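> Pasting the sequence and the predicted coordinates here, then a few questions.
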Amino acid sequence: MTNRDQRTILLTGVNGQVGFELARSLQGLGKVVALDRSRLDLGDLDAIRKVVREVKPSLIVNPAAYTAVDKAESEVEAAMRANGEAPGVLAEEAKRLSAALVHYSTDYVFDGTKDSPYVEEDAVNPQNVYGKSKLAGEQAIAASGCDHLIFRTSWVYGARGKNFLLTMLRLGAERDELSVVADQIGAPTWSNTIAALTANVLAQAVSADDGWWSGKSGVYHLTAGGSTSWHGFAEAIFEKSSLAKKPAVKPIPASAYPTPATRPANSRMSQRKLLDAFGIEAPDWRDALDLCMRGL
């Protein structure tokens with residue numbers, strides 16, 4: 001029996017938005033060893049090696065990351081270690097064990113100047129430290145030679161953690177009017193969608209032969225279908241919310257809301273490669289938002 005036949009799955013960041021959902025969606029695909037930051041800190045590279053060697057997984061799923069986009073501009077070393085170096089260590093350990101690695105990246109590896117949705121082969125050009133750190137992680141994984149899937153996603157939200165949805169609901173209950181950026185376009189993606197599609201792909205891997213990973217390894221774009229602006233996202237949130245009095249949502253340009261980190265104007269990413277490779281397609285962002293709001 002090979003290591004991969006044993007199907008021990010090491011899951012990082014179990015308390016995060018995506019990690020929490022993955023802890024549920026991966027059940028049935030193997031024995032899931034789900035660790036939070038207190039048990040696996042991506043800032044401690046030696047500890048990562050130690051944990052992986054103790055668990056001996058056949059699959060590592062890594063949604064854990066440094067996600068404070070603006071803070072990363074002043075905490076470059078911490079962002080690079082967690083998002084760039086740590087995935088490389090996970091990949092090296094996966095290679096050593098003949099295991100596979102699933103990792104999550106971001107639309108922020110692109111500069112946002114393209115007029116149409118980005119495809120996986122488009123040139124990367126991150127404009128902020130967070131994007132650069134995530135790209136470094138992608139490159140380290142590819143360089144390791146391990147079997148891997150890298151899913152680039154965007155505008156992640158859910159019922160837990162810090163995200164745009166929960167921020168809007170909190171501010172909307174406090175204020176009569178909100179100003180929201182209207183000239184950045186992307187696909188708001190529910191954490192549950194990411195976890196469900198990941199589990200679908202991995203279910204295919206479990207039932208396939210040993211050549212599956214070598215044929216499928218690479219980068220894929222995994223976001224909700226459709227696109228909108230942050231302003232459009234906010235309006236949709238309040239349309240579906242149960243707030244007694246809903247705030248007015250005023251559209252503003254990104255230039256009127258300066259942040260330490262530059263965000264891409266166009267974060268749209270094509271999911272054609274994901275559909276062609278795995279036969280799966282994410283729901284439209286509005287439909288996913290509706291399901292998420294019902295859960296709230």
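Done, it's in. Numbering: from 1, shown residues only.

> pLDDT below threshold where in this protein?
Residues of the chain meeting the criterion pLDDT under 70: 1-6.

> Tell me where it has helices.
Secondary structure of the chain (DSSP state H): helices located at 3-6, 17-25, 45-55, 76-80, 86-97, 129-144, 164-174, 191-206, 212-216, 230-240, 272-278, 285-295.

> now those helices as JSON lines including distance to K114?
In this view, the C-beta of every residue, glycine as well, is placed from N, C-alpha and C. As requested, the helices of the chain are exported to JSON lines (distance: least, Cβ to Cβ, whole Å):
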{"stretch": "helix 3-6", "distance to K114": "38"}
{"stretch": "helix 17-25", "distance to K114": "26"}
{"stretch": "helix 45-55", "distance to K114": "35"}
{"stretch": "helix 76-80", "distance to K114": "25"}
{"stretch": "helix 86-97", "distance to K114": "25"}
{"stretch": "helix 129-144", "distance to K114": "15"}
{"stretch": "helix 164-174", "distance to K114": "23"}
{"stretch": "helix 191-206", "distance to K114": "23"}
{"stretch": "helix 212-216", "distance to K114": "26"}
{"stretch": "helix 230-240", "distance to K114": "19"}
{"stretch": "helix 272-278", "distance to K114": "15"}
{"stretch": "helix 285-295", "distance to K114": "19"}
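
> out of these, nearest to A256?
The closest of those to A256 is helix 230-240. By Cβ to Cβ, the value is 11.8 Å.

> Can you list the helices and strands that the closest one packs against?
Applying 3 or more Cβ pairs under 8 Å, 6 or more residues apart in numbering; DSSP states H and E, one finds that helix 230-240 contacts helix 164-174, strand 177-181, strand 248-252, helix 285-295.

> Next, format the ones you listed as TSV and append distance to R53 and mean neighbour count.
TSV is the format used below for the helices and strands packed on helix 230-240 (distance: least, Cβ to Cβ, whole Å; neighbours: other Cβ atoms under 10 Å):
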stretch	distance to R53	mean neighbour count
helix 164-174	37	16
strand 177-181	45	17
strand 248-252	50	15
helix 285-295	37	17
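
> Out of these, flag the one nearest A65.
For these, distance to A65 was read as Cβ to Cβ. The smallest value, 16.8 Å, belongs to helix 164-174.

> which residues sit against the closest one?
155, 157-159, 178, 188, 230, 233-234, 237-238, 241, 243, 246-247, 289, 292, 296 (Cβ atoms under 8 Å, 6 or more residues apart in numbering).

> PyMOL command for the buried members of these?
Of these, the buried ones can be selected in PyMOL as follows, counting by 16 or more other Cβ atoms under 10 Å:
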select buried, resi 155+157+158+159+178+188+230+233+234+237+238+241+247+289+292
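
> Would you check that S105 makes contact with S154?
No. With contacts defined as Cβ atoms under 8 Å, S105 does not count as touching S154, sitting 10.0 Å away.

> So what's the residue count around T106?
27 (other Cβ atoms under 10 Å).

> quick one: contacts for it?
By Cβ under 8 Å, 6+ apart, the contact set of T106 is Y130, G131, K134, R152, T153, S154.

> Nearest to G226, out of the helices and strands packed on helix 230-240?
The closest of the helices and strands packed on helix 230-240 to G226 is helix 285-295. By Cβ to Cβ, the value is 5.1 Å.
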